[in-house]
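**Q** sequence below, structure please.
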Amino acid sequence: MPSPEGTATPSGARGSADQRLRRGARPATTAPQPHDDRSRPHRIAIVGGGPGGLYTAALLKRLGPDREVTVYERNAPDDTFGFGVVLSDETLGGIEHADPVVYEALTAHFVRWDDIDVVHRNTRQTSGGHRFAALGRRRLLEILHDRCRDLGVDLRFRADAPPPDHLARTHDLVVAADGVHSATRERYRDTFRPHLTPHRCRYIWLAADFAFDAFRFEIAETEHGVMQLHGYPYAPDASTVIVEMREEVWRAAGFDALDETESTVRCAKIFAEALGGRPLRSNKSAWTTFRTLVTERWSHGNVVLLGDAAHTAHFSIGSGTKLAVEDALALVACLEERPTLQEALTAYEEERRPVVASTQRAAKASLEWFEDLERYLGQPPRQFAFNLLTRSRRVTHENLRLRDAGFTGEVEREFGCPPDTPPMFTPFRLRGLTLRNRVVVSPMDMYSATDGVPGDFHLVHLGARALGGAALVMTEMVCVSAEGRITPGCAGLYTGRQGRAWRRITDFVHDSAPGTAIGVQLGHSGRKGSTRLMWEGMDEPLPDGNWPLVAPSPLPYRPGGQTPRELSRAGLTDVREQFRSAAARAAGAGFDLLELHCAHGYLLSGFLSPLTNHRTDAYGGSLEKRLRFPLEVFDAVREVWPGERPMTVRVSATDWAEGGTSAEEAVAIARAFAAHGADAIDVSTGQVVAGERPEFGRSYQTPYADRIRHEAGVPVIAVGAISSWDDVNSLVLAGRTDLCALARPHLYDPHWTLHAAAEQGYDGPGAPWPAPYRAGSRPPRTGRTDAPRPRLTLRGPRQDV
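**A** So this is what the prediction gives:
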């Protein structure tokens, strides 16, 4: 049951799978490629008669009428689970190109609609322009059954498939489309290496005998907790209804003690208003917990996984049917165009795995949003709806503006955007500093200082980005001592000469880019110091000239690396005073904001993480004790930092490693710094231990900022793979962050923010162009624009009535 999320598919020179099937694509070669006996399989067994297996069978038989294709389905033809299926325009386009007969049969039974309704605290918000198409799952199976029979596929219902080993020996190809509980996958578990991750909500599939007029999300705040309804029409007189809630809410409400009928009646009562008092009905419906399936391999010999047997994605973003149909298109296309079976199966996995992984990342963001739904209930109604619609980060501010400008405009007005002002160009205040927009140039180590002194490179680097429109430009991590450097090229603030060099830079920013703030990030490398410049070998020790390292505990960052000395009480005092002195120099150097670096495994971060702090004294053990020294440093810095100037703290909200900082601890850390006077938390993740396993993806760290903002009640800066102005607008308007810090986009384009304004047609006070640059404030023209435009549309002869 997807929301309006689109699924990107590879569209390189080869074209999509359906295009390749339609034109009978073959690899480009200088001579015909001979096929071995199994390259275009003749005898094929398909285990599982769901939509994915049936569509695969139909495509294979259509392209090879002489093939023997057998489908094994243990259920009866009219047995099915669930009710409706939603297919995107993209998926339908693939079906239309690959098999017009199936497409025409589907379209004859579709119900279509455009709107999404979000009902929250008796207020309904409607967003249009989303273009849905759905039909009953039973009808879909009937269409595919008829197509398979017409083509000559051998459909065997109420028939358990022979053992996988037997099928593999007696067939050229075995397609395992037998679902998330795939027996075929389990037989070869050691090869496929599946990973199932359970999640925190229970849900049940039901139906209502009327058609919703929109895709409906309704929130019920009950005495037991929050419950939600997902509903959509699949026939002129029927709708799918999914009821979902956290496990603890489900138990508190007593659903664990109810049977199928009792659960159905109870759900209808809870959502009586949404249903207009009508009953719900079930179909072998049971409460279940969604599990995300990831398999490390999709094929083994001549056995290949398809659909839910290979992967799952939460119903709130992507239908398993949609992914299975797209798998079928890709698999059959690769079988047709590759010279050997193994090459075909490898190509299939290479083509589909990135698409599926992207869908699963978006689905994870969506399901986690619903798991944590209670966090957002206090948002204004329109912002809540916008947040829900953009939860997966696939639907964005710009997507919604194009689909429904009226709805998006209402959200912006409720947020406080002046007319014609994108959310990213609204001001934000931190203590005595007002930032003119929501864009921050993130700290980026340049490793280009000499003896800790920033030079002409830093002036040009930071000055260029200050002229580029961002509200706040941050320095790299500026070290508080020579021993606290990461590399010999790191900048510092432990001498007067360094302070004077920084003053030269802040003066340039304030004089030449008025309205731009410049902030300094203070830190100490801890156990990650005395290493080579990044481009000479990141985190690798110096070949000579190393200096001794200190850390909370004597643990090297990497195997074979230098073991740091555990800081004594006297050493802790020395380091704290180094931070205090550096902060005083930073104030004298004219910085507008100071950030304390407590992330990425550097010294203060090392105290916070249980993976790097093994102390048994007052500075180790419980989170309260692990916080003690970082808070002492914060307090020392705050004492000498001018009261009107803000301070922020960068934290790693997760270590991406088992036993590391938990999400709950990250919130507690943020609360502790806020209680000591931090004005905002800069929320990063990881880089604490060398063996981390981060889950990279677009704006992948934002959920941690979102959680801290809502649960700790402190402003946050989101950072990490935020690359487009559309992302910034979306995150700010949804209330997931207050500021967005971007690093690499500003390396690519120092004037990223000004160009974002120009591309959105914005020329207001949130992004003023420096006077010498105003002539370039419009995007340059590219290519010829003066060609004559068509003025007349020629039609056939007029038919008078």
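
**Q** OK, contacts around the nearest residue to L258 once chain neighbours are set aside?
**A** Nearest non-adjacent residue to L258, counting by CB to CB, 6 or more residues apart in numbering: R266, 6.3 Å away. C-beta here means a position set from N, CA and C on the backbone, and glycine is covered the same way. By CB atoms under 8 Å, 6 or more residues apart in numbering, the contact set of R266 is A253, F255, L258.

**Q** local confidence estimate at R266?
**A** pLDDT for R266: 98.

**Q** and it, how far is that from D511?
**A** As defined by CB to CB, to the nearest Å, R266 lies at a distance of 68 Å from D511.

**Q** tell me the secondary structure at L196.
**A** strand (DSSP: H, G, I helix; E, B strand; the rest coil).

**Q** please identify the helix or strand for the residue nearest to it when sequence neighbours are not counted.
**A** Leaving aside its chain neighbours, L196 sits nearest to R291 (4.7 Å; criterion: CB to CB, 6+ apart). With secondary structure defined by DSSP states H and E, R291 is part of strand 288-295.

**Q** which parts of that strand are buried?
**A** F290, T292, L293, V294, T295 (16 or more other CB atoms under 10 Å).

**Q** now swap in stretch 187-201 and tell me
**A** R187, Y188, F192, P194, H199, C201.

**Q** same deal with stretch 235-245?
**A** So for stretch 235-245, counting by 16+ other CB under 10 Å, buried means A235, A238, S239, T240, V241, I242, V243, E244, M245.

**Q** and of these, the nearest to Y72?
**A** T240 (27.6 Å; CB to CB).

**Q** list the contacts of that closest one.
**A** 1, 82-84, 134, 205-207, 230-234.

**Q** just checking, it is part of a strand?
**A** Yes - according to three-state DSSP, the state of T240 is that of a strand.

**Q** use 6 as the first number from now on
**A** Let's use 6 as the start, then, which means that last one is T245.

**Q** state the distance from it to V123.
**A** 17 Å.

**Q** ok, Q233 next?
**A** 10 Å.

**Q** can you check F412 too?
**A** Following CB to CB, the distance that separates F412 from V123 is 10 Å.

**Q** for Y562, which three-state class applies?
**A** Going by three-state DSSP: Y562 is coil.

**Q** show the contacting residues for it.
**A** Going by CB under 8 Å, 6+ apart, Y562 touches R532, K533, D544, G606, V694, A695.

**Q** need the worst-confidence member of the residues you listed.
**A** Among the contacts of Y562, pLDDT bottoms out at D544, giving 86.

**Q** next, count neighbours for that residue.
**A** Applying other CB atoms under 10 Å, we find 16 other residues in the vicinity of D544.

**Q** I'd assumed T536 was in contact with it.
**A** Yes - using CB atoms under 8 Å, D544 is in contact with T536, at 5.5 Å.

**Q** circling back: which residues does the strand holding R296 contact?
**A** 185, 190, 197-209, 252, 310, 313, 315-320, 365, 368-369, 372.

**Q** any idea how far the nearest residue to H316 once chain neighbours are set aside is from T128?
**A** Spatial nearest neighbour of H316, chain neighbours left out: V361 (4.9 Å); criterion: CB to CB, 6+ apart. Here V361 is placed at a distance of 36 Å from T128 (CB to CB).

**Q** quick one: mean pLDDT over the lengthiest helix in the chain.
**A** For the chain, the helix that runs over the most residues, judged by DSSP state H, is helix 346-376. For helix 346-376, the mean per-residue pLDDT is 95.

**Q** who does that helix touch, helix- and strand-wise?
**A** strand 199-213, strand 293-300, strand 304-305, helix 325-342 (3 or more CB pairs under 8 Å, 6 or more residues apart in numbering; DSSP states H and E).

**Q** and the third one, how far out from the chain's middle?
**A** Shown here is strand 304-305, whose average C-alpha point lies 29 Å from the average C-alpha point of the whole chain (CA atoms, centre = their mean, to the nearest Å).

**Q** wait, the residue nearest to H316 sits on A329?
**A** No - judged on CB under 8 Å, V361 makes no contact with A329 at a distance of 10.7 Å.

**Q** out of the buried residues of stretch 240-250, which one sits closest to A575?
**A** Nearest to A575 among the buried residues of stretch 240-250 is M250, at 54.6 Å by CB to CB.

**Q** host element of the nearest residue to the closest one once chain neighbours are set aside?
**A** Excluding the flanking residues, the one nearest M250 by CB to CB, 6+ apart is M232, at 4.3 Å. M232 belongs to strand 230-240 when assigned by DSSP H and E.

**Q** what packs against that strand?
**A** Contact partners of strand 230-240 among helices and strands, from 3+ CB pairs under 8 Å, 6+ apart: strand 89-92, strand 116-118, strand 137-141, strand 220-227, strand 243-251, helix 252-257.

**Q** now the angle from it to strand 243-251?
**A** Orientation check (axes from the mean of the first three to the mean of the last three CA atoms, to 10 degrees): strand 230-240 against strand 243-251 gives 160 degrees.

**Q** strand 230-240: how far from the chain's middle?
**A** Distance, centroid of strand 230-240 to centroid of chain: 23 Å (CA atoms, centre = their mean).

**Q** restrict that strand to CA atoms and write it as PDB.
**A** These are the backbone C-alpha positions of strand 230-240, laid out as PDB (Å, rounded to 0.1, in the frame of the first residue of the first chain):
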ATOM      1  CA  GLY A 230      -2.100   5.400  23.300                       C
ATOM      2  CA  VAL A 231      -2.000   6.500  19.700                       C
ATOM      3  CA  MET A 232      -3.500   4.400  16.900                       C
ATOM      4  CA  GLN A 233      -3.600   5.200  13.200                       C
ATOM      5  CA  LEU A 234      -5.700   4.200  10.200                       C
ATOM      6  CA  HIS A 235      -4.400   3.900   6.700                       C
ATOM      7  CA  GLY A 236      -7.300   3.600   4.200                       C
ATOM      8  CA  TYR A 237      -7.700   3.800   0.400                       C
ATOM      9  CA  PRO A 238     -10.300   2.600  -2.100                       C
ATOM     10  CA  TYR A 239      -9.700  -0.400  -4.300                       C
ATOM     11  CA  ALA A 240     -13.100  -0.700  -5.900                       C
END
